[in-house]
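1. Turn this into a model:
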Amino acid sequence: MNAGALFSRDYFEARSKFRLAATHAGASLFSCRHPQATGPAGEELFIDIAVTGEPGDPVLLAVAGTHGVEGYAGSAVLAGWLKTGRPQVNGIRQVLVHALNPHGFAWDRRVTEENVDLNRNFIDWSASPPENPHYTLLAEAIAPADLSEATTDAASRALRNYAREHGAFAMQETISKGQYTHPGGMYYGGTRAQWSSETLRAIIDTHARPCRRAAILDFHTGLGPYGEAELISEDAPESQAYARARAWYGNDVCSTRAGDSVSAQVFGSLDGAMPSMFQGAETTTICVEYGTQSTLEVFQALRADNWLHTVAGLGHPARTAITAQIRSAFYPEAEDWKTMIWTRGKKDLDQAIA
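-> Here you go, the predicted structure:
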């Protein structure tokens with residue numbers, strides 16, 4: 001299969017390819033239209049779901065586009081998977097979710113229409129949100145008011161000083177684990193459940209339950225070496241769920257709780273919400289993280305995008321350059337990268353089925 005042909009130039013082409021592949025695979029197709037958000041030209045936006053297999057069977061749930069602009073990789077993997085015919089496996093129900101955050105995908109942003117990091121939004125909203133006091137100390141350095149050389153130099157010094165005092169990984173954790181106090185900042189978890197997170201709960205209730213066992217793969221990009229995949233578990237290393245993940249996928253599985261992952265442990269992730277969403281079923285959840293650029297380049301792209309949308313506005317002359325910057329940080333449009341992502345994505349889905 002030509003891996004490059006599975007990838008798309010934008011959300012709308014990706015959606016078309018996914019739906020066409022699902023139809024050819026004989027899957028049942030469902031769509032959830034976003035009630036408020038629209039595309040750059042006012043287009044309607046959708047989460048699409050392809051379903052195969054029988055209710056009550058063990059479930060494979062695969063999700064693309066939790067972080068909008070990261071959806072190019074997951075979309076291509078799901079479209080390719082449908083083309084292989086592997087979604088028609090007796091005894092397994094497959095629920096493939098395309099563009100969980102359609103606003104972010106359509107606008108080449110990581111966040112939702114409310115500047116919310118969807119992968120920090122799956123918390124218990126009946127309780128007070130988690131606190132991240134160190135983010136407040138670094139808020140102006142993480143998301144500065146302007147991107148002038150003087151301001152960014154001062155921000156970099158503040159971050160370097162924090163890293164020297166607390167360690168580089170502690171700085172990464174402070175920045176990225178999530179915060180609920182700065183709506184114009186980065187990794188903002190919001191003040192309520194987003195439409196996308198509520199819709200995923202409804203998708204699982206409608207198409208994936210009841211079941212006894214579920215394998216979940218949530219596709220992301222932006223961390224790790226170029227084109228390589230890390231399979232990230234949020235389960236404790238001593239847990240049965242982590243042991244199961246290692247048995248299924250091998251030594252590429254790392255745990256945020258053990259500190260051996262490229263990702264810090266985060267608040268309100270989709271992966272962490274899976275046991276409660278499946279209500280007692282045995283869940284084995286993996287975040288598939290594909291590398292793109294360096295951590296610094298990715299951070300700089302996110303910071304510029306956040307400044308553009310929360311401070312400068314879309315009329316700013318730097319918009320085109322910043323959009324290209326963040327798109328490149330999460331979607332390197334290179335044939336070797338595309339081949340690496342498709343090859344590894346198919347392997348991970350095959351292992352989940354096995």
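2. Can you give me the buried ones in stretch 152-171?
-> Going by neighbour count (16 or more other Cβ atoms under 10 Å), the buried part of stretch 152-171 is 152, 155, 158-159, 162, 171. All C-beta spots, glycine's among them, are computed from the backbone N, C-alpha and C.
3. chain center to it, what's the gap?
-> Centre-to-centre, stretch 152-171 and its host chain are 26 Å apart (Cα atoms, centre = their mean, to the nearest Å).
4. re earlier: now the buried residues of stretch 152-171 as JSON lines including secondary structure?
-> Formatted as JSON lines, the buried residues of stretch 152-171 follow (DSSP: H, G, I helix; E, B strand; the rest coil):
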{"residue": "152", "secondary structure": "helix"}
{"residue": "155", "secondary structure": "helix"}
{"residue": "158", "secondary structure": "helix"}
{"residue": "159", "secondary structure": "helix"}
{"residue": "162", "secondary structure": "helix"}
{"residue": "171", "secondary structure": "helix"}
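5. Just the closest of those to residue 328, please.
-> residue 152 (18.9 Å; Cβ to Cβ).
6. quick one: contacts for the closest one?
-> When contacts are counted by Cβ atoms under 8 Å, 6 or more residues apart in numbering, residue 152 touches residue 144.
7. what's the distance between it and residue 289?
-> To residue 289, residue 152 is 27 Å away according to Cβ to Cβ, to the nearest Å.
8. What segments of this protein are strands?
-> Secondary structure of the chain (DSSP state E): strands at 28-38, 44-52, 59-64, 93-98, 213-226, 229-233, 253-255, 282-291.
9. list the helices and strands the third one packs on?
-> Here strand 59-64 is seen to pack against helix 71-84, strand 93-98, strand 213-226, helix 335-353 when contacts are counted using 3 or more Cβ pairs under 8 Å, 6 or more residues apart in numbering; DSSP states H and E.
10. For that strand, which strands pair with it and how are they oriented?
-> Sheet pairing for strand 59-64, assigned by DSSP bridges, gives strand 93-98 (parallel), strand 213-226 (parallel).
11. just the ones you listed: most buried one?
-> Mean neighbour count (mean count of other Cβ atoms under 10 Å) peaks for strand 93-98 among these, with a mean of 27.
12. Off-centre distance for that strand?
-> In this view, strand 93-98 has its centroid 15 Å away from the chain centroid, taken as Cα atoms, centre = their mean.
13. what's the average pLDDT for that strand?
-> Across strand 93-98, the average pLDDT comes to 98.
14. what about residue 28, distance to residue 191?
-> Distance, residue 28 to residue 191, by Cβ to Cβ: 35 Å.
15. My error: substitute residue 123 in the last question.
-> Distance, residue 123 to residue 191, by Cβ to Cβ: 11 Å.
16. if you count what's nearby, which of those two comes out ahead?
-> Between residue 123 and residue 191, residue 123 has the larger neighbour count (other Cβ atoms under 10 Å), namely 21 against 13.
17. Show me where the stretch 201-350 of the chain dips below the pLDDT cut-off.
-> Within the stretch 201-350 of the chain, the segments meeting pLDDT under 70 span 257-264.
18. Can you name the residues bridging to residue 38?
-> With DSSP bridges as the rule, residue 38 is bridged to residue 44.
19. Tell me the pLDDT of it.
-> The model reports residue 38 with a pLDDT of 98.
20. I'd guessed residue 351 sits against residue 245; true?
-> No: contact criterion Cβ atoms under 8 Å: residue 351 and residue 245 do not qualify, at 10.2 Å.
21. just to revisit the earlier point, quick check: neighbours shared by residue 123 and residue 191?
-> residue 129.
22. what's the spacing between the residue of the chain most remote from its centre and residue 156?
-> Distance from the C-alpha centroid of the chain, by Cα atoms, centre = their mean, peaks at residue 150 (32.6 Å). Using Cβ to Cβ, residue 150 is found at 11 Å from residue 156.
23. hang on, the earlier thing: among the strands paired with strand 59-64, which is nearest residue 293?
-> Residue 293 lies closest to strand 213-226 among these, at 7.4 Å (Cβ to Cβ).
24. Residue 128 and residue 174, how far apart?
-> Counting by Cβ to Cβ, the separation of residue 128 from residue 174 is 19 Å.
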